[in-house]
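A.B. asks: Attaching a predicted model along with its sequence, questions to come.
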Amino acid sequence: MRNILIIGATSAIAEATARRFAQDGDRFFLVARNAERLTTVANDLETRGATQVEIMVMDVNETNRHAGMLNQANTALGGVDTVLIAHGTLPDQKACEVSFELTLHEFQNNCLSTISLLTHIANQFEAQKKGTIAVISSVAGDRGRQSNYVYGTAKAAVSTFLQGLRGRLHKSGVSVITIKPGFVDTPMTAEFKKGLLWVNPEVIAGGIYHGITKKYGVVYLPWFWRWIMAIIIALPDSLFKRINL
């Protein structure tokens, strides 16, 4: 039985993932901004088999509350051994191109708040010499594309931070997993035209569940994105800058 802390618990991917773990009878501490949605998710997990579900309302950008949140989760569950960080926003790239203030805000949402959380969680897990940390990054961080390079930059920073953290915590028996989804049909992407490469949150949730249970390092979801991104990364810059991606 796991004691799972989920940050960004009302996101479509986080909710679908929590349902998979609830079937194992795991315990949860859920964190998100919307109290009503948190309560709905908590009630749903209990009906699906979760043995305990606690909630906390918090804006993840309130980094001064991160240490207290983690302490509260430990107290409520009697310790935390698994963390899923699943919060984030999709920036308006064109608006960010003309506003550093907006770019900084989005970088705070998608990168700096996560690094703050990871700093606290990593120190606890290193001290207890066990645990699994999974963070949703994105394939967008593998190479800066003209259509979303602000978002991609933030996710690249998160992925690099996780890579270093994975090396640091390995000797302590702590697993650090970078989750890199491709196109996912969620409320955050509702305005996008969908195609063959798009999947629903349940597909991503299954991959996250498998990645956590097997303690993988980097997980592309679905699996074919590993090869798509390998091709994109291999393109010479002289060609890549001419492609409308």
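C.D. replies: Here it is on my side, so go on.
A.B. asks: can we go C-alpha only for contacts and neighbour counts from here?
C.D. replies: Will do.
A.B. asks: Quick one: distance of the lengthiest strand in the chain to the chain centre.
C.D. replies: The longest strand of the chain (DSSP state E) is strand 174-181. In terms of CA atoms, centre = their mean, to the nearest Å, the gap separating the centre of strand 174-181 from the centre of its chain is 9 Å.
A.B. asks: Which strands or helices does the next helix or strand after that strand pack on?
C.D. replies: As assigned by DSSP states H and E, the chain's next helix or strand after strand 174-181 is helix 201-214. Under the contact definition 3 or more CA pairs under 8 Å, 6 or more residues apart in numbering; DSSP states H and E, helix 201-214 sits against helix 12-22, strand 174-181, strand 218-221.
A.B. asks: now the spatially most central residue of the chain, nearest residue through space, not along the chain?
C.D. replies: Centrality entry for the chain: nearest residue to the mean C-alpha point is Ile136, 2.4 Å, by CA atoms, centre = their mean. With CA to CA, 6 or more residues apart in numbering as the criterion, Ile136 has its nearest non-adjacent residue at 4.6 Å, and that residue is Ile179.
A.B. asks: pLDDT wise, what is the closest residue to Met188 other than its chain neighbours at?
C.D. replies: Excluding the flanking residues, the one nearest Met188 by CA to CA, 6+ apart is Leu90, at 6.8 Å. Note on Leu90: pLDDT of 92.
A.B. asks: So Leu90 lies in a strand, does it not?
C.D. replies: No. Going by DSSP: H, G, I helix; E, B strand; the rest coil, the assignment for Leu90 is coil, not a strand.
A.B. asks: could you check the distance from it over to Ala140?
C.D. replies: Per CA to CA, to the nearest Å, Leu90 is found 11 Å from Ala140.
A.B. asks: What angle do strand 174-181 and the helix ranked longest in the chain make with each other?
C.D. replies: For the chain, the helix with the greatest residue count under DSSP state H is helix 149-170. On the basis of axes from the mean of the first three to the mean of the last three CA atoms, to 10 degrees, helix 149-170 is oriented at 160 degrees to strand 174-181.
A.B. asks: Would you mark the buried spots in helix 149-170?
C.D. replies: Neighbour-count burial for helix 149-170, counted by 16 or more other CA atoms under 10 Å, picks out 149-159, 161-163, 165-166, 169.
A.B. asks: Just the C-alpha atoms of that helix, please, in PDB.
C.D. replies: Provided in PDB are the C-alpha atoms of helix 149-170 (Å, rounded to 0.1, in the frame of the first residue of the first chain):
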ATOM      1  CA  TYR A 149       9.200  27.500 -27.100                       C
ATOM      2  CA  VAL A 150       8.200  29.300 -23.900                       C
ATOM      3  CA  TYR A 151       6.400  26.100 -22.600                       C
ATOM      4  CA  GLY A 152       9.200  23.900 -24.000                       C
ATOM      5  CA  THR A 153      11.900  25.900 -22.200                       C
ATOM      6  CA  ALA A 154      10.100  25.500 -18.900                       C
ATOM      7  CA  LYS A 155       9.700  21.800 -19.400                       C
ATOM      8  CA  ALA A 156      13.300  21.400 -20.600                       C
ATOM      9  CA  ALA A 157      14.500  22.900 -17.400                       C
ATOM     10  CA  VAL A 158      12.300  20.600 -15.400                       C
ATOM     11  CA  SER A 159      13.500  17.500 -17.300                       C
ATOM     12  CA  THR A 160      17.200  18.600 -16.800                       C
ATOM     13  CA  PHE A 161      16.600  19.200 -13.100                       C
ATOM     14  CA  LEU A 162      15.000  15.700 -12.800                       C
ATOM     15  CA  GLN A 163      17.900  14.100 -14.600                       C
ATOM     16  CA  GLY A 164      20.400  15.500 -12.100                       C
ATOM     17  CA  LEU A 165      18.100  14.700  -9.200                       C
ATOM     18  CA  ARG A 166      17.800  11.100 -10.400                       C
ATOM     19  CA  GLY A 167      21.500  10.700 -10.200                       C
ATOM     20  CA  ARG A 168      21.800  12.400  -6.800                       C
ATOM     21  CA  LEU A 169      19.000  10.200  -5.200                       C
ATOM     22  CA  HIS A 170      19.900   6.900  -6.800                       C
END
